[in-house]
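> predicted coordinates and the sequence they were generated for:
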Amino acid sequence: MNPTGERKLRHIAVSGNIGAGKTTLSEMLSEHYGWHVHYEDTSHNPYLSDFYNDMKRWSFNLQIYFLNSRYQQILKIQKGDKTVIQDRTIYEDANIFAPNLHELGLMEKRDFENYTDLFRIMSSQVNPPDLLIYLKAGIPTLVNHIDKRGRDYEGSISLEYLKRLNKKYENWIESYDLGKLLVIPVDDIDFKNSAEDFGSIIESVDAELHGLF
């Protein structure tokens with residue numbers, strides 16, 4: 001609570017599969033509302049390129065890197081006095097990416113158990129976002145977005161890999177109970193280039209934010 005007795009909006013998070021549009025929407029919402037934005041660390045990630053070339057060798061290293069990065073982001077958000085929008089959450093790696101890698105035989109059982117234990121300890125020390133925005137996208141939309149941005153290391157992502165991730169995202173969102181949730185279907189909208197489509201998202205976000213106070 002702030003000195004006036006009103007609740008302080010601190011943490012908004014945008015979740016979704018690879019290519020769903022998380023970074024784009026995070027940027028646009030931050031500009032609209034004046035929020036600070038914390039991006040997923042891909043440009044300086046020392047494991048990402050190696051991971052896509054040899055997933056089994058680098059899966060544990062990559063997941064630990066993301067866990068550490070997102071944990072530090074949340075600590076900064078909670079200690080700071082700014083409203084922050086975060087590109088992807090600490091929960092997605094633990095509920096979607098790491099289990100998927102383990103099930104595919106790309107992360108050893110001992111590594112997965114070690115990772116899971118570490119996540120449980122770290123997640124118990126932080127608060128969930130005030131609002132989670134989930135971008136729900138079908139495989140054609142994801143592939144189209146991935147192709148358009150042309151990241152070399154994403155060229156080896158298979159359709160089966162994306163499908164497995166999408167299924168895990170749907171299961172996670174269906175059971176999400178940590179706080180307020182806004183699901184935005186993005187297959188039939190173009191919020192990046194259509195002011196009308198972005199406006200409809202703003203209306204939905206406004207409605208959720210009003211419910212927080």
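Noted; the coordinates are in hand. The structure presented is a predicted model; accordingly, all values stated were derived computationally and were not measured.

> low-confidence bits of this structure, can you list those?
1-7, 41-43, 150, 152-156, 213 (pLDDT under 70).

> grab the most central residue of it for me.
R88 (1.8 Å; Cα atoms, centre = their mean).

> apart from its chain neighbours, what residue comes closest to it?
Spatially, and ignoring its direct neighbours in sequence, R88 is nearest to E40 (4.7 Å; Cβ to Cβ, 6 or more residues apart in numbering). All C-beta spots, glycine's among them, are computed from the backbone N, C-alpha and C.

> what about the one you found, distance to D81?
E40 is 23 Å from D81, where distance means Cβ to Cβ, to the nearest Å.

> now the residue lying closest to A98 once chain neighbours are set aside: which helix or strand?
Once flanking residues are discounted, A98 sits nearest to Q63: 5.0 Å by Cβ to Cβ, 6+ apart. Element membership for Q63 (DSSP states H and E) is helix 55-79.

> are there helices or strands packed against whatever helix or strand comes next after that helix, and which ones?
The helix or strand immediately downstream of helix 55-79 is strand 84-87, counting by DSSP H and E. Here strand 84-87 touches strand 11-16, helix 22-33, strand 36-38, helix 55-79, going by 3 or more Cβ pairs under 8 Å, 6 or more residues apart in numbering; DSSP states H and E.

> surely F198 is in contact with S204?
No - here F198 lies out of contact with S204, judged by Cβ atoms under 8 Å, at a distance of 10.8 Å.

> looking at these two, which one has more neighbours?
Set F198 next to S204 and count neighbours by other Cβ atoms under 10 Å: F198 wins out with 18 against 14.

> state the distance from the more buried one to G16.
Distance from F198 to G16, by Cβ to Cβ: 16 Å.

> circling back to that earlier point, so for E40 and D81, which sits in the more crowded spot?
Under the criterion of other Cβ under 10 Å, the comparison of E40 against D81 puts E40 first, with 19 against 7.

> in contact with the more buried one, which residues?
22-23, 66, 69, 87-88 (Cβ atoms under 8 Å, 6 or more residues apart in numbering).

> could you rerun that using 10 Å?
Contacts here follow Cβ atoms under 10 Å, 6 or more residues apart in numbering; on that basis E40 touches 14, 22-23, 26, 66, 69-70, 73, 86-89, 92.

> one more: F191?
21, 24-25, 28-29, 135, 184, 197-202.

> pipe those into TSV and attach distance to K168 per row.
Shown next, in TSV, are those (distance: Cβ to Cβ, whole Å):
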residue	distance to K168
G21	18
T24	22
L25	21
M28	26
L29	25
L135	15
I184	18
D197	27
F198	28
G199	31
S200	27
I201	24
I202	29
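
> now, of those, which are buried?
21, 24-25, 28-29, 135, 184, 198, 201 (16 or more other Cβ atoms under 10 Å).

> coming back round to it: the residue nearest to the centre of the chain against I74, yeah?
No - taking contacts as Cβ atoms under 10 Å, R88 lies outside contact range of I74: 11.7 Å.

> so what's in contact with those two at the same time?
The contact sets of R88 and I74 overlap at 13, 38 (Cβ under 10 Å, 6+ apart).

> gap between R88 and R110?
As judged by Cβ to Cβ, R88 and R110 stand 26 Å apart.

> the helix holding Q63: which residues count as buried?
Applying 16+ other Cβ under 10 Å to helix 55-79 flags 55, 58-60, 62-67, 69-71, 73-74, 77 as buried.
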